[in-house]
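1. test case, fold it:
(2 chains)
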Amino acid sequence: MSLPVSTWAAEALAVFAKEWRCELRTQVALSTLGLFAVTTLVVASVSLGPLGVAKAQGSALLPVLLWLILLFSIAAGLPRAFVQEEESQTATALRLSATPSALFCGKLLYSLTLVAALEALITPIYVTIMNLKVESPGLLVLALTAGGYGLAAGSTLVAAIIAQARSKGTLFSVLSFPILLPLLILVIELTRNAVLGDPAGMALAQLLLYDASVSIFGLMLFPVVWNP
Amino acid sequence: MPSTRLDFENVRRRFGRLSVLQGVSGSVLPGGALLVTGPNGSGKSTLLRCLAGILSPDGGRIDYREGEQDLGVAERRLRIGYVAPDLAFYSELTVAENLNFFARLRRVSPAWGFEILDRLALPTDRMVGALSSGMRQRLRWAWALLHRPRLLLLDEPFQNLDAPGEEGTRALLAEHLGEGPGGLAVIANPASLEIDRVTARLDLGR
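-> Numbers count the residues shown, from 1 in each chain, chains lettered A, B, ... in the order given. Just a heads-up that it's a prediction; the model follows:
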């Protein structure tokens, strides 16, 4: 069914607004993501702190650690995007009311803002306590933006796929691995380039291509996995 | 030939080894209702879920026509009104917030939904999580009729309602079946119901 863009966008925005309204009242995802991120950040800083890692090793190791913290924090909170709808039995009302592509985009927009908020909270603290000197801050922002989008899109897609399954937790890990692995490799390389002051290279183009592919794949696949 | 009608033929559905629907057929025309009866587990809810498009039948044919259009399952899903015991709304939101949200998704004004809530005496500022089961059933009715659907699929539609609630929802059903070009309904209930305009009955009892 084709809809004018304005009504389709209004549907997506309605889903986005509903997600945040529910989240601000329950704070389930915010507290899960926040607590997990802060805990891992504290563990990393105590173990590897500014004196624990030599500068040469730091530029290789610290970008990996940053993205692992972000990945596992997101994995702890984002799968609930669709699982919650199934568990609370609100999925039926949604299926009978929302255009699937608009629903997916509304959920993706919500995940994206959640990931952006997490990155905005974690990255400055991480850079400061790890004494990580970033030669190209602009490239780091680009890596966080493109990488954050990829994480949000990939996680939202996997969350939609697993929503109706029984072993959701296991399935999320199994499906996330092949979907998010290329993203992590690219975004870690890009972050490392930002730290060292190297040019973005092919990693940025490949990362943007990955983001576009996951978005298109998600929009095409979502109506199939969402509806019977 | 009426412009709006629902026909289903030889609808079958299994859950693993259990065959719940074994070739069920029926049809409904405007202004009429099909009453589906049968004991628990006889497949009434499964049939309604198949007709709503939220469960795929294993076999058979479901045709729903509105005006000049034969609607596919994706369009049928968004056009029908559905009331069922397992239909839930966002417990973190108020009744009004839920209704406004679904009105935006359905691209309609929420005014008619609020009028129904008013007629059914459901407070709109109460959190859905704090509603009684009868109040939730009233909200299901307002949600199902929000976009003025032609086809209503009602699974145990008067469950948990008190006398005024049942009277109010029966009046809404009578209006739906009697107004304008005439809506149509499929009603599932374990026991037979006294409803005007029931034009066909389907007993799934074995």
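2. off-centre distance for the lowest-mean-pLDDT helix or strand in chain B?
-> Least confident helix or strand, chain B: strand B:69-71 with a mean of 87, by mean pLDDT, DSSP states H and E. Centroid displacement of strand B:69-71 relative to its chain, using C-alpha atoms, centre = their mean, to the nearest Å, is 19 Å.
3. check which helices and strands the helix or strand following that strand sits against.
-> Next in sequence after strand B:69-71, counting helices and strands by DSSP states H and E, comes helix B:73-79. On a contact count with 3 or more C-beta pairs under 8 Å, 6 or more residues apart in numbering or on different chains; DSSP states H and E, helix B:73-79 meets strand B:59-66. In short, each C-beta sits where N, CA and C put it, glycine included.
4. could you pull up the mean pLDDT of the strand it packs on?
-> Averaged over strand B:59-66, pLDDT sits at 94.
5. near chain B, which residues of chain A? Just list them.
-> The interface of chain A toward chain B, taken as C-beta under 8 Å from any C-beta of the partner chain, is made up of A:1, A:7, A:10-11, A:14-15, A:18, A:21-22, A:25-26, A:88-90, A:92-99, A:102, A:223, A:227-228.
6. now the buried members of these.
-> Buried members of the residues of chain A next to chain B, counted by 16 or more other C-beta atoms under 10 Å in any protein chain shown: A:11, A:14-15, A:18, A:22, A:90, A:92-99, A:102.
7. burial measure for B:Ser109, as a count.
-> Using other C-beta atoms under 10 Å in any protein chain shown, the number of residues around B:Ser109 comes to 11.
8. how about B:Thr94?
-> Count around B:Thr94 with other C-beta under 10 Å applied: 18.
9. confirm B:Ser56 sits in a helix?
-> No: looking at B:Ser56 with DSSP: H, G, I helix; E, B strand; the rest coil, it is coil, so not inside a helix.
10. for the longest helix seen in chain B, packing partners?
-> When chain B is parsed with DSSP state H, its longest helix is helix B:163-178. Contact partners of helix B:163-178 among helices and strands, from 3+ C-beta pairs under 8 Å, 6+ apart: helix B:111-119, helix B:133-145, strand B:151-155, strand B:184-189.
11. before we move on, back to that, mind checking which of the residues of chain A next to chain B are in strands?
-> Using DSSP state E, no member of these sits in strands.
12. which residues touch the nearest residue to B:Ala191 once chain neighbours are set aside?
-> Distances taken as C-beta to C-beta, 6 or more residues apart in numbering or on different chains place B:Thr37 nearest to B:Ala191, at 6.6 Å, with adjacent residues excluded. B:Thr37 sits next to B:Lys44, B:Ala188, B:Asn189, B:Pro190, B:Ala191, B:Ser192, B:Arg201, B:Leu202, B:Asp203, B:Leu204, B:Gly205 when contact means C-beta atoms under 8 Å, 6 or more residues apart in numbering or on different chains.
13. ok, A:Glu87 - contacts?
-> Taking C-beta under 8 Å, 6+ apart, one finds nothing in contact with A:Glu87.
14. roughly how far apart are it and A:Ser31?
-> Distance, A:Glu87 to A:Ser31, by C-beta to C-beta, to the nearest Å: 18 Å.
15. and B:Gly205, by the same measure?
-> For B:Gly205, the distance to A:Ser31 - C-beta to C-beta - is 50 Å.
16. which one of the two has more residues nearby?
-> A:Ser31 (12 against 9).
17. which of the residues in the helix or strand harbouring A:Phe172 are buried?
-> Assigned by DSSP H and E, A:Phe172 falls within helix A:168-196. For helix A:168-196, the buried set under the neighbour-count rule, 16+ other C-beta under 10 Å, comprises A:168, A:171-172, A:175-176, A:179-180, A:182-184, A:186-195.
18. need the pLDDT of A:Ile122.
-> pLDDT, A:Ile122: 90.
19. equivalent analysis for A:Glu135, please.
-> 90.
20. go ahead and confirm it touches A:Pro199.
-> No: at 11.1 Å, A:Glu135 and A:Pro199 do not qualify as touching, with contact defined as C-beta atoms under 8 Å.
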